[in-house]
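Novice: predicted coordinates and the sequence they were generated for:
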Amino acid sequence: MQAGIHGIILAGAHAWESPAFERSFPRALMPIANRALIDHALQWFQDGGIGDVRICANSDTSRIRQHCNQRDDSSPRISYLDDMMPRGPAGCLFDAAADLDAATLVVIEAGLIPLGLALNDLVETHLRAGASMTVAAQRQFSRQNDADSAHLTPVGMYAISRSALAHVPRAGYQDIKEMMIPRMYEAGESVLPYITNAPLVRIGGTGSCLSGTGELLSYMQTRLALPDGYTRRGTAIVHAGARISPEARLLGPVMIGEETEVLPGAMILGPAAVGDFCRIGERANISRAVLWDDVEIGPDAYVDRSILTHSTRVRAEGVVSGCVRHASTRPRRGIGVAGSIGGNA
C-alpha cells in the first residue's frame, strides 16, 4: 500500500429499534461471528496494508478505546476523534482529518463488514482515475434480474482525496451522500463509482446481527484462512480451546468460541455463533441464534432466533424464542431485560 493513506472508521450511529439493547453496549462492539463489529473493519484495513486508522465514535469513544487497547494485534495503529457533537458522517470525517497529513483517506462505516471487497483495488482505482472521491457501490434492481431497472447504491465505503474536504463546512451536521457529494458535483469535482459485486454484510439493527452472522459464517466456510485459534470440525468452526462432547451435534454453519463447553446430547443448528466461556447443557437445543460470552444454557433448554448477551442464563427446560435476552454489559454482572426481534417475543 502506498504511503500517504490513512483509514477512518465512522463508528458513531443512530439508535436502533431496541434502545435498551444498544444503550447497554456500543454497536461497534457488538459480537458478530465472535468478533467485535469494529474488529472486522480494522482487519480490512490491516489486510489492505493501511498502517494508521482513526476511529470516530462520539460518546462511545472511551469504551471502544478500552476494547482496542486489549487487542492482541497492534496493527494498524489506532487514534481516536473525541467529537461529542452530532456532526454527521461528513462532519466527523472533516474533524477526524483535520490534523492528518494523508493525501488520501479510506473511509468505512463501522456497521459494514466487507467480506470480499479488496481495499487495494478500491484505492488504486481512485488514484488511477485522479478522482476527488470514489464511492463503493452495488447495483440494486427494482425488478428481479431486470438490468434496465438497476441503480447504484453506495455501500458505505469511500476513497477520498484530501482536497474534497473543502466541501464540508466546519460546523453543523454534515452527511456524505446527501450533502457533501451534491456540493462536489456542483463544484465540478470528480466523483466516481467503484462498482462491486463482492459480498458485504451490513449490521443495522438487532435482526441483522442474526442474519449478518449467518452470512459471515457461510462466507468463512468458503475461505481457506480462519480466525486465529479456530479449526474446522465438519461444517463447524471451533476454537481449539473449546470442549465439545462427542455426543453433541453441530449442524450447519456454527462457530464455537474459546473455553466453551457443549455437553452430551446438546444440538446447535446453524447459522449460530456461541462466544467464549459459554456452557451448553445436556440435551439443550440452540437454533439460529447468537450467544455472546459467558452464556449458560440449562439442560433441555431451547433457544431459537435469539440474541443472548453477556452472562445471560437460561434455566433448565427454559424457552427463548425470537428475542434479545440481555443480562448485563459485562460478564457475571447485572440483571436481565428482554426485547423482541422482528416483533416476536
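Specialist: Thanks, I have the structure now.
Novice: and the longest helix seen in the chain, what does it pack against?
Specialist: Criterion DSSP state H: the longest helix present in the chain is helix 206-221. Other elements packing on helix 206-221 under the criterion 3 or more CB pairs under 8 Å, 6 or more residues apart in numbering; DSSP states H and E are strand 31-32, strand 200-202, strand 236-239, strand 254-256, strand 272-274, strand 290-291, strand 307-308. From N, CA and C alone the C-beta is placed, and that goes for glycine too.
Novice: turn the ones you listed into CSV, including mean neighbour count.
Specialist: Converted to CSV, those look like this (neighbours: other CB atoms under 10 Å):
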stretch, mean neighbour count
strand 31-32, 24
strand 200-202, 18
strand 236-239, 24
strand 254-256, 27
strand 272-274, 28
strand 290-291, 30
strand 307-308, 27
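Novice: just to revisit the earlier point, with just CA atoms, put the longest helix of the chain into CSV.
Specialist: C-alpha atoms of helix 206-221 as CSV (Å, rounded to 0.1, in the frame of the first residue of the first chain):
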residue,chain,number,x,y,z
THR,A,206,-30.8,-6.4,16.1
GLY,A,207,-32.3,-8.6,13.3
SER,A,208,-29.2,-8.1,11.1
CYS,A,209,-27.0,-9.3,13.9
LEU,A,210,-28.6,-12.7,13.3
SER,A,211,-28.7,-12.6,9.5
GLY,A,212,-25.3,-11.0,9.3
THR,A,213,-23.7,-13.6,11.5
GLY,A,214,-25.2,-16.3,9.2
GLU,A,215,-23.9,-14.6,6.1
LEU,A,216,-20.4,-14.3,7.6
LEU,A,217,-20.3,-17.9,8.8
SER,A,218,-21.3,-19.1,5.4
TYR,A,219,-18.6,-17.0,3.8
MET,A,220,-16.0,-18.2,6.2
GLN,A,221,-16.8,-21.8,5.2
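Novice: tell me the mean pLDDT for it?
Specialist: For helix 206-221, the mean per-residue pLDDT is 90.
Novice: what residues sit buried inside that helix?
Specialist: Judged by neighbour count (16 or more other CB atoms under 10 Å), helix 206-221 contains these buried residues: 206-210, 212-220.
Novice: repeat that for stretch 179-188.
Specialist: For stretch 179-188, the neighbour count (16+ other CB under 10 Å) marks 179, 180, 181, 183, 184 as buried.
Novice: and the next element down the chain from the strand of greatest length in the chain?
Specialist: Criterion DSSP state E: the longest strand present in the chain is strand 150-161. Later in the chain than strand 150-161, the nearest helix or strand by DSSP states H and E is helix 181-186.
Novice: please, where are all the helices along the chain?
Specialist: With DSSP H as the criterion, the chain has helices spanning 19-23, 37-47, 61-69, 88-97, 119-129, 181-186, 206-221.
Novice: avg pLDDT for the first one?
Specialist: For helix 19-23, the mean pLDDT works out to 58.
Novice: repeat for the second one
Specialist: Across helix 37-47, pLDDT averages out at 93.
Novice: may I have stretch 90-105 exported as PDB, CA atoms only?
Specialist: The C-alpha trace of stretch 90-105 is given here as PDB (Å, rounded to 0.1, in the frame of the first residue of the first chain):
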ATOM      1  CA  ALA A  90     -19.000  14.100   6.600                       C
ATOM      2  CA  GLY A  91     -18.600  16.300   9.600                       C
ATOM      3  CA  CYS A  92     -16.900  13.600  11.600                       C
ATOM      4  CA  LEU A  93     -14.700  12.900   8.500                       C
ATOM      5  CA  PHE A  94     -13.700  16.500   8.300                       C
ATOM      6  CA  ASP A  95     -12.900  16.700  12.000                       C
ATOM      7  CA  ALA A  96     -11.000  13.400  12.000                       C
ATOM      8  CA  ALA A  97      -8.800  14.500   9.100                       C
ATOM      9  CA  ALA A  98      -8.000  18.000  10.500                       C
ATOM     10  CA  ASP A  99      -4.600  17.100  11.900                       C
ATOM     11  CA  LEU A 100      -3.700  14.300   9.500                       C
ATOM     12  CA  ASP A 101      -1.200  14.900   6.600                       C
ATOM     13  CA  ALA A 102      -2.600  12.000   4.500                       C
ATOM     14  CA  ALA A 103      -3.300  12.800   0.900                       C
ATOM     15  CA  THR A 104      -5.900  10.000   0.600                       C
ATOM     16  CA  LEU A 105      -8.500   8.900   3.100                       C
END
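Novice: that one: which residues count as buried?
Specialist: Using 16+ other CB under 10 Å as the test for burial, stretch 90-105 gives 90, 91, 92, 93, 94, 95, 96, 97, 102, 104, 105.
Novice: per-residue confidence at the fifth one?
Specialist: On the pLDDT scale, residue 94 is placed at 94.
Novice: residues contacting the closest residue to it other than its chain neighbours?
Specialist: Computed as CB to CB, 6 or more residues apart in numbering, the closest residue to residue 94 that is not its neighbour in sequence is residue 168, at 4.1 Å. Residues in contact with residue 168 (CB atoms under 8 Å, 6 or more residues apart in numbering) are 90, 91, 93, 94, 174, 180.
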